[in-house]
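> Here is the input, now give the coordinates:
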Amino acid sequence: MKTTLNPDFVKHIHHRLASDNAQAAKPGPSDRRQPVHTVYGGAHLFSERTIRRLGEMARQAFTSYAPDAITLCRALGLDYSQEQAQRLHDKVGQKLASEAVEDFRIDFEDGFGNRPDEEEDATAIKAAQALAHAMQSNDLSPFIGIRIKPFNDELKARSIRTLDLFLSTLIGKTKQLPDGFTVTLPKITHPGQVTALAEIMDTMEPMLGLQNGALCMELMVETPESIFDQQGACALPTLVTNARGRCRGAHFGTYDYTASMDITAAWQSMDHPACDFARHVMKVTLAGTGVLISDGATNVMPVGPHRSEQLTNTQLQENQDVVHAAWKLAFDHTRHSLRHGIYQGWDLHPAQFVARYAAVFSFFLESKDAATTRLRNFMDTAAKATLSGDVFDDAATGQGLLNFFLRAFGCGAIDADELLATGLSEEEFRTRSFLKILQMRRTL
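As a prediction, this is how the structure comes out:
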């Protein structure tokens with residue numbers, strides 16, 4: 001067949017594309033478990049029993065204000081059948097009983113405030129000792145860490161000292177970090193701040209007897225400078241690069257970010273359009289990097305106004321109305337995040353766990369049956385096309401369906417039997433790749 005392009009020229013283009021494609025390659029989505037929430041608590045309040053106590057408080061709120069399935073669904077505005085409502089109620093109750101807290105952050109920033117140096121020194125040591133005791137008694141959440149103060153000029157010395165005291169005390173007692181340990185860096189305004197934290201971690205690891213890369217960080221995205229730099233370029237890729245492979249996640253800070261955008265307090269909320277813009281920048285720039293994204297928190301607490309053991313029926317009803325309204329707000333905010341492809345957020349109070357898990361579970365359960373049928377049929381069609389040598393060019397849809405079930409199973413919305421009802425095996429799900437599954441089936 002007659003062609004126009006010279007073979008040497010085509011070869012040159014091939015080599016250049018290979019180089020460009022290699023530079024564009026990303027690590028791919030993370031296969032690590034992602035918690036559905038991070039719970040923030042002031043460092044001065046942290047104790048060996050904190051995680052256990054939070055679970056107890058969450059279960060108490062669930063029992064008091066969602067004693068049955070209909071009450072829960074009515075509070076959240078869900079028009080479910082009795083069977084659907086009972087299933088959701090059961091799953092939330094089971095989750096609160098087995099693993100109420102998935103991720104916890106011992107907070108030395110907003111949740112702790114600016115205190116005298118002597119007090120923060122003592123708190124850093126005490127919190128590290130409490131974490132060591134919790135490790136020994138196995139009273140930990142699957143993920144845990146600390147949030148230090150910013151690395152700005154005013155607080156950098158305090159922040160570094162707190163990190164040093166905390167890690168030195170913890171490793172001195174345990175000789176190891178707890179699983180899923182992370183250091184959260186807030187209010188980033190320059191990539192050099194991330195570089196500084198990475199250098200500190202590089203230096204501390206061998207001195208503490210830790211393996212290289214054992215210390216990980218999360219980046220708070222809550223300033224305009226963490227979205228775009230002074231030249232107008234996206235800042236997040238540089239921040240992640242400066243973390244030197246230690247960046248595990250990026251957490252959006254709703255209220256600091258909206259305040260920095262000159263949005264008045266009355267309009268600072270999770271679903272403000274300014275927040276959606278920032279989230280989309282995070283999603284686009286971090287896609288395929290393995291950096292997990294978390295949304296912020298609903299700042300209206302589900303706490304009733306009356307706090308006495310002897311309450312009138314009117315006061316009890318007023319408490320329930322306040323809690324249910326706060327649950328509905330948090331539920332709507334969480335579903336908003338989920339629709340935008342963000343599967344983690346912050347919780348600030350244990351009663352919020354009810355709305356968090358109800359939102360996450362309902363999000364997946366509502367689509368599960370249709371997605372099961374669709375994935376089963378989709379895999380059959382794709383496998384037949386592959387086996388017959390036809391081109392199957394809708395792999396993105398297949399991967400999207402696969403991701404749905406991986407997320408649903410990972411958060412506990414569905415169990416292993418429901419996962420296998422799709423027609424895929426455990427081995428196929430472990431690949432986490434639609435194309436790899438097709439290749440496996442073709443080989444078989």
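> List the buried residues for stretch 208-227?
Neighbour-count burial for stretch 208-227 flags 208, 210, 214-223, 225-227 (criterion: 16 or more other Cβ atoms under 10 Å). The C-beta positions use only the backbone N, C-alpha and C, and glycine is treated the same way.
> now swap in stretch 317-337 and tell me
Those would be 319-320, 322-324, 326-337, for stretch 317-337 by 16+ other Cβ under 10 Å.
> In helices, which of the residues you listed fall?
319-320, 322-324, 326-337 (DSSP state H).
> Low-confidence regions, this structure specifically.
28-30, 382-395, 444 (pLDDT under 70).
> Now for the residue nearest the centre of the chain: which residues touch it?
Centroid-nearest residue in the chain, with Cα atoms, centre = their mean: residue 344, separated by 3.3 Å. By Cβ atoms under 8 Å, 6 or more residues apart in numbering, the contact set of residue 344 is 34-38, 249, 292-295.
> Among these, which ones are in strands?
Judged by DSSP state E, strands contain the following of the contacts of residue 344: 37-38, 249, 292-294.
> Where do the strands of the chain begin and end?
Using DSSP E, strands in the chain cover 37-42, 103-107, 143-147, 181-185, 217-221, 247-252, 292-294, 345-347.
> Format those strands as a markdown table; extra columns: distance to residue 13.
Shown next, in a markdown table, are the strands of the chain (distance: least, Cβ to Cβ, whole Å):
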| stretch | distance to residue 13 |
| --- | --- |
| strand 37-42 | 47 |
| strand 103-107 | 47 |
| strand 143-147 | 46 |
| strand 181-185 | 43 |
| strand 217-221 | 38 |
| strand 247-252 | 35 |
| strand 292-294 | 36 |
| strand 345-347 | 46 |
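> of all those, which lies closest to residue 116?
Comparing those against residue 116 with Cβ to Cβ, the closest turns out to be strand 37-42 (15.6 Å).
> Each with direction, which strands does that closest one pair with?
strand 103-107 (parallel), strand 345-347 (parallel) (DSSP bridges).
> mind putting those in JSON lines, distance to residue 261 and mean neighbour count included?
Formatted as JSON lines, the strands paired with strand 37-42 follow (distance: least, Cβ to Cβ, whole Å; neighbours: other Cβ atoms under 10 Å):
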{"stretch": "strand 103-107", "distance to residue 261": "23", "mean neighbour count": "25"}
{"stretch": "strand 345-347", "distance to residue 261": "19", "mean neighbour count": "26"}
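> Save these as a markdown table, and put in distance to residue 171 too.
Converted to a markdown table, the strands paired with strand 37-42 look like this (distance: least, Cβ to Cβ, whole Å):
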| stretch | distance to residue 171 |
| --- | --- |
| strand 103-107 | 15 |
| strand 345-347 | 27 |
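> Residue 286: which of those is closest?
Closest approach to residue 286 among these is made by strand 345-347 (16.1 Å; Cβ to Cβ).
> How about residues contacting that closest one?
Outside strand 345-347, the residues that reach it (Cβ under 8 Å, 6+ apart) are 36-40, 251, 294-297, 333-334, 337, 353, 356.
> Widest-spaced pair of those residues?
So, those by Cβ to Cβ: farthest apart are 251 and 353, at 17.9 Å.
> ok so, going back, now the residue nearest to the centre of the chain: closest residue in space, sequence neighbours ignored.
Spatial nearest neighbour of residue 344, excluding adjacent residues (Cβ to Cβ, 6 or more residues apart in numbering): residue 294 at 4.0 Å.
> Switch the contacts of residue 344 over to CSV, and while doing so, append distance to residue 27 and neighbour count to every line.
Below are these laid out as CSV (distance: Cβ to Cβ, whole Å; neighbours: other Cβ atoms under 10 Å):
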residue, distance to residue 27, neighbour count
34, 15, 18
35, 20, 24
36, 23, 25
37, 25, 25
38, 23, 27
249, 14, 26
292, 12, 21
293, 15, 22
294, 19, 26
295, 22, 26
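> Make JSON lines out of those and add distance to residue 105.
JSON lines is the format used below for the contacts of residue 344 (distance: Cβ to Cβ, whole Å):
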{"residue": "34", "distance to residue 105": "15"}
{"residue": "35", "distance to residue 105": "11"}
{"residue": "36", "distance to residue 105": "14"}
{"residue": "37", "distance to residue 105": "11"}
{"residue": "38", "distance to residue 105": "6"}
{"residue": "249", "distance to residue 105": "11"}
{"residue": "292", "distance to residue 105": "14"}
{"residue": "293", "distance to residue 105": "16"}
{"residue": "294", "distance to residue 105": "11"}
{"residue": "295", "distance to residue 105": "14"}
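> and which of the residues you listed is nearest to residue 108?
residue 38 (14.9 Å).
> what is the closest residue to the closest one other than its chain neighbours paired to in the beta sheet?
Nearest residue to residue 38, sequence neighbours excluded (Cβ to Cβ, 6+ apart): residue 103, at 4.3 Å. In this structure, residue 103 bridges to residue 143 when assessed by DSSP bridges.
> Look up how far residue 178 lies from residue 103.
Distance, residue 103 to residue 178, by Cβ to Cβ, to the nearest Å: 12 Å.
> Likewise for residue 40?
From residue 40 to residue 178 the distance is 17 Å (Cβ to Cβ).
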